[in-house]
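[1] Okay, predicted coordinates and the sequence, questions at the end:
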Amino acid sequence: MASDQERIRERIKELLKKPGNGNCADCGVADPEWASYTLGVFMCHSCSGLHRNIAQISKVKSLLLDPWSSSEVEFIGSVGNIAAKAKYEQIVPAFYYRPTSKDCILLRDQWIRAKYERKEFMFVERQEPYSAGYREGCLLKRGRDNGQYLSRKFILTEREGVLKYFNKHDAREPKAIMKISNVNATFQPAKIGVPHGLQITYLKDNSTRNIFVYHEDGKEMVDWFNAIRAARYHYLQVAFPGASNSELLPKLTRNYIKEGYMEKTGPKHTEGFKKRWFTMDERRLMYFKDPLDAYARGEVFIGSKENSYSVLPYLPPNVQGTHWPFGITIVTPDRKFLFACETEEDQKSWMAAFQIVINRPMLPREYAVEAYFKRKP
């Protein structure tokens, strides 16, 4: 005869088979093994840890390891992920970033807090910090030369179509003006070295400029991030009036295809190989002396195979100089670029990243970028 706990375990297994319950309610990863017996949602182990940050609202248990009462199981059975989503995600703005299991802890933590603690997607007035079209505040910005983080005033205005920052809080003229049309933001806590670190990039004279910012308050940083996404969304709606959300949303902000160290040599292939930090951003391969440099030392445009771009997993014979053992050659219509990786795993990873870009047909706007690179001295 089955015990009460055995019957409860069987009931839990049945509930996991119901539509919506087979994925984490918060990050979407498959096969959740935890649940909140106060919210009635099923979640993964990682998100269950974040629910503990709001223990006054969400109390979690392991579906496999913890004992469950009949009333608790009855409650999670009466709610479930689909019903909870309908309640807590009623009015998520289209531009609002919905994190996945691959995103940083800050984005996932603030998504969970926004849903269940602050109930931002049940009451539209609670979305004003990132939906108003204007945002002003202070962020700690890394100095370009000395690496120190100092408080700087930032203003985002959709009406002017810019994000700008001021070196002094009472300054009239901004230190930099970033056009919403080409700004990007991506969380980089490991690279920047602070949990809430955000990398903002924009084009200045058609070259990429990086700034690195953070704020001690996680909500503040995620609100800035979503305010930038909102501004980008509204700009793109005007720029591409016939485009659907499925076309626009991937363009709001982007993570880099790949980053990491490689060695490179110069255009004559006779210079010594030097270790550089590389960032693959869309079709721009940028290299920096230091990962937190404001400007790239150089940029390489990588087009598509239809336009005579290719990548090879080796260096040409008789390449001079000492270098890491695993070579890569990028072939463009004009010249070859030579790189070297420290490990075979790094080589394969970079090869895969370059192949993704080369296999993708070029967009009309990318031909203009390619033409600019060809004109560069």
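    Perfect, thanks for sending it.
[2] how about His196, what does it touch?
    Residues in contact with His196 (CB atoms under 8 Å, 6 or more residues apart in numbering) are 106, 187, 189, 214-218, 221. All C-beta spots, glycine's among them, are computed from the backbone N, C-alpha and C.
[3] Please repeat the previous calculation with a cut-off of 10 Å.
    Neighbouring residues of His196 by CB atoms under 10 Å, 6 or more residues apart in numbering: 104, 106, 110, 139-140, 187, 189, 213-222, 224-225.
[4] Going through those, which ones are buried?
    104, 106, 110, 139-140, 187, 189, 213-215, 218-222, 224-225 (16 or more other CB atoms under 10 Å).
[5] What mean pLDDT does the host helix or strand of Ile12 get?
    Element membership for Ile12 (DSSP states H and E) is helix 4-16. The pLDDT scores in helix 4-16 average 90.
[6] Which stretches in this structure count as helices?
    Counting by DSSP state H, residue ranges of the helices within the chain are 4-16, 45-51, 70-78, 80-88, 105-112, 128-131, 189-192, 218-239, 245-248, 344-359, 364-375.
[7] need those in JSON lines with distance to Ala296, can you?
    Output for those, formatted as JSON lines (distance: least, CB to CB, whole Å):
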{"stretch": "helix 4-16", "distance to Ala296": "48"}
{"stretch": "helix 45-51", "distance to Ala296": "34"}
{"stretch": "helix 70-78", "distance to Ala296": "51"}
{"stretch": "helix 80-88", "distance to Ala296": "42"}
{"stretch": "helix 105-112", "distance to Ala296": "26"}
{"stretch": "helix 128-131", "distance to Ala296": "30"}
{"stretch": "helix 189-192", "distance to Ala296": "15"}
{"stretch": "helix 218-239", "distance to Ala296": "21"}
{"stretch": "helix 245-248", "distance to Ala296": "28"}
{"stretch": "helix 344-359", "distance to Ala296": "17"}
{"stretch": "helix 364-375", "distance to Ala296": "13"}
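[8] Asn307 is nearest to which of these?
    helix 364-375 (7.7 Å; CB to CB).
[9] tell me how far the closest one is from the chain's mean position?
    In terms of CA atoms, centre = their mean, to the nearest Å, the centre of helix 364-375 is set 25 Å apart from its chain centre.
[10] With stretch 98-107 instead?
    The answer for stretch 98-107 is 8 Å, by CA atoms, centre = their mean.
[11] So which residues make contact with it?
    Under CB under 10 Å, 6+ apart, the answer for stretch 98-107 is 24, 26-30, 44, 46-47, 49-50, 89, 92, 97, 108-112, 186-190, 195-198, 214, 218-219, 221-222, 225-226, 249, 255.
[12] May I ask which helix or strand of this protein has the lowest mean pLDDT?
    One helix or strand of the chain scores below all others by mean pLDDT, DSSP states H and E: helix 364-375, with a mean of 86.
[13] Ok, which of the helices of the chain comes nearest Gly260?
    Per CB to CB, nearest to Gly260 of the helices of the chain: helix 344-359, 6.7 Å.
[14] Lys164: what's it in contact with?
    Contact partners of Lys164, counting by CB under 10 Å, 6+ apart, are 153-157, 173-179.
[15] so where do the strands sit in the stretch 251-377 of the chain?
    Counting by DSSP state E, counting those that start in this stretch, one finds strands in the stretch 251-377 of the chain at the ranges 258-264, 274-281, 284-288, 298-301, 310-312, 326-331, 336-341.
[16] what comes up buried for the least confident helix or strand of the chain?
    Buried-residue list, helix 364-375, by 16+ other CB under 10 Å: 366, 369-370, 373.
[17] try stretch 165-172
    Under 16+ other CB under 10 Å, the buried positions of stretch 165-172 are 165-166.
[18] Need the residues that contact that stretch.
    138-139, 141, 150-156, 173-178, 200, 211, 213.
[19] run the last query once more with 7 Å
    Outside stretch 165-172, the residues that touch it by CB atoms under 7 Å, 6 or more residues apart in numbering are 141, 152-154, 174-176.
[20] likewise stretch 77-92?
    If you take CB under 7 Å, 6+ apart as the criterion, stretch 77-92 is touched by 15, 18-21, 25, 39-42, 115-116, 121-122, 124.
[21] now do 8 Å
    Here stretch 77-92 makes contact (CB under 8 Å, 6+ apart) with 11, 15, 18-21, 23, 25, 39-42, 98, 115-116, 119, 121-122, 124, 127.
[22] how near is Arg98 to Leu252?
    Separation of Arg98 from Leu252 (CB to CB, to the nearest Å): 12 Å.
[23] More neighbours: which of those two?
    Leu252 (21 against 13; other CB atoms under 10 Å).
[24] which residues does the more buried one contact?
    Contact partners of Leu252, counting by CB under 8 Å, 6+ apart, are 95, 97, 229, 232-233, 236.
[25] and the closest residue to Ala239 other than its chain neighbours, how many neighbours?
    Distances taken as CB to CB, 6 or more residues apart in numbering place Ser181 nearest to Ala239, at 7.5 Å, with adjacent residues excluded. For Ser181, the neighbour count with other CB under 10 Å is 14.
[26] and the nearest residue to Tyr295 once chain neighbours are set aside, what are its bridge partners?
    Of all residues not flanking Tyr295 in the chain, Arg209 sits nearest, at 6.2 Å (CB to CB, 6+ apart). Assessed by DSSP bridges, Arg209 has beta-bridge partners Tyr202, Tyr295.
[27] is it true that Arg209 touches Tyr202?
    Yes. Between Arg209 and Tyr202 there is a contact under CB atoms under 8 Å: 5.7 Å.
[28] Of those two, which one has the most company?
    Under the neighbour definition other CB under 10 Å, Arg209 and Tyr202 were set side by side, and Tyr202 has more, 20 against 16.
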